[in-house]
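Q: Predicted model, plus sequence, below.
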Amino acid sequence: MLRRCTVTSFHKDANTYIQTRDEDQYFFVHHELVSAISPALAEKMQERVLHVTCGDRHQRGYRQVVKMVDENDDPVGLSILFQLIHWKFHELSDRLSVDQLFAVARVVDKYDCVFMISPYAERWLINGLHWHIAMNKSANEYDKILVLAWIFGDGRAFAKALPKVVSSCTLDSEGVLIDYNGKPWKNQPIPIELIDIIKDARYIRARKMVATFNEPCRVLLDGSEKLKYCRSGDATAEIKEQCLHLQLGSLMSGLNAVGMMPFPMEDKYLGSFGEMVKKLETVKVARYKLPGTLPHTDSHINCGFKHREAIKAVKQEPVYLTRSLFATLRRHGEESMAYRKESFAEVKVKHSNRKDDIPECVTQMPEDSTLFIEKWVEEVEFEEE
């Protein structure tokens, strides 16, 4: 079967085709160079599943083909990895997009060669990725930032993304943690322990929101301790009752307007904590106020249950890592050369007293001006072995 496809060559002595998920895109690589990077790549390069008859402008003949078509074999990530393997640093951009970094992260994690990005750690992560974060990216990109920050060991990016992911993740009907795109987090290349931390942090925040709103509703409805929500010292019993009725009526009306009445229990709520907060922040609780009273003379100024302050406090709560996860994240950063002591100071760790630091290393990468990258279109005939 003949098919025209685009072939990208990474070396003048390339001898192996890489079949990507894109049926019209192939990579032409140096088999020995790629195999030498890691045992995982060496094993993959032995899977010569196809032979092809090529009619390119160099020579005709048979070439071996290796399939890289799995979910984590992103063609963009593979292309960048092959440029790094073949020392084509001058062909690479100084700043990659979040999608490109995510694609590279998944590929180098799968083939155990995170160290390959070390020449670009400063530009791609310390400068580039932090620039993307500063531009207030969407929840979808924070999911990707968390994954790539974990793989590359970027402490600052990880610390910024983790609370965002806790806020945006949801649960499916079986209680499985779901990312922004509706896919299970367990399919991402991050530890189950980290996924459990995200799930637990989401649950704790939801539970605190339930307590913030359910408790006042219960107290105001059944009359137990309801006077604690009217703090006026000079109001009569009748005015205090009016103040409490205003609070209860406005609270129930506001919750009903945003679809939170009856208020869902934390173990039944499947939506994101971020969406819950957005709805609850619009709820306004009224209180008694004498007409024409100035704020500094209003004895009811402190009435209510301070729900806005409670929401703000819960939103600002940090998410803590275990010491083992912190150590693994740091090891990833040392491997990719993205580790910076000051950036890891932003990662919250429970009961951690680690103060040691590891000096940064300097790597020397070989240069070869005889290598090249080019593209051409050719006809390829495939034969299944």
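A: Alright, I've got the coordinates. Note that this is a predicted model, so its numbers are computed, not measured.
Q: Can you classify residue 247 by secondary structure?
A: Following DSSP: H, G, I helix; E, B strand; the rest coil, we place residue 247 in the helix state.
Q: who's in contact with it?
A: Residue 247 sits next to 216, 220, 229, 230, 285, 286, 287, 303, 304, 305 when contact means CB atoms under 8 Å, 6 or more residues apart in numbering. For glycine as for every other residue, the C-beta is placed from the backbone atoms N, C-alpha and C.
Q: If I look at the fifth one, what pLDDT would I see?
A: Put plainly, it is residue 285. Looking at residue 285, its pLDDT is 87.
Q: Just want to check the distance between residue 324 and residue 20.
A: Separation of residue 324 from residue 20 (CB to CB, to the nearest Å) stands at 36 Å.
Q: nope, residue 109 is what I meant
A: Distance from residue 109 to residue 20, by CB to CB: 18 Å.
Q: Residue 89 now?
A: 22 Å.
Q: For those two, indicate the residue with more neighbours.
A: Shown here are residue 89 and residue 20; by other CB atoms under 10 Å, residue 20 has more neighbours (21 against 12).
Q: so who does the nearest residue to that one once chain neighbours are set aside touch?
A: Using CB to CB, 6 or more residues apart in numbering and skipping the chain neighbours, the partner closest in space to residue 20 is residue 75 (4.3 Å). Neighbouring residues of residue 75 by CB under 8 Å, 6+ apart: 20, 21, 22, 25.
Q: And those, which is closest to residue 191?
A: Comparing these against residue 191 with CB to CB picks out residue 21 as the nearest, at 26.1 Å.
Q: re the thing from before, can you add secondary structure, distance to residue 337 and neighbour count and give the contacts of residue 247 back as a markdown table?
A: Formatted as a markdown table, the contacts of residue 247 follow (DSSP: H, G, I helix; E, B strand; the rest coil; distance: CB to CB, whole Å; neighbours: other CB atoms under 10 Å):
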| residue | secondary structure | distance to residue 337 | neighbour count |
| --- | --- | --- | --- |
| 216 | helix | 52 | 21 |
| 220 | helix | 58 | 20 |
| 229 | helix | 56 | 22 |
| 230 | coil | 60 | 23 |
| 285 | coil | 52 | 21 |
| 286 | coil | 57 | 17 |
| 287 | coil | 57 | 20 |
| 303 | coil | 57 | 23 |
| 304 | coil | 52 | 21 |
| 305 | coil | 50 | 19 |
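Q: I'd like the next helix or strand past the host helix or strand of residue 244.
A: Element membership of residue 244 [criterion: DSSP states H and E] is helix 237-257. Following helix 237-257 in sequence order, the next helix or strand is helix 273-280 (DSSP H and E).
Q: Assign the residue nearest to the spatial centre of the chain to helix, strand or coil.
A: The centroid of the chain falls nearest to residue 143 when counting by CA atoms, centre = their mean (2.4 Å). Secondary structure state of residue 143, per three-state DSSP, is helix.
Q: hmm, back to that, buried subset of the contacts of residue 75?
A: 20, 25 (16 or more other CB atoms under 10 Å).
Q: domains for this protein, by residue range?
A: 2-86, 93-190+320-344, 201-315 (automatic domain parsing).
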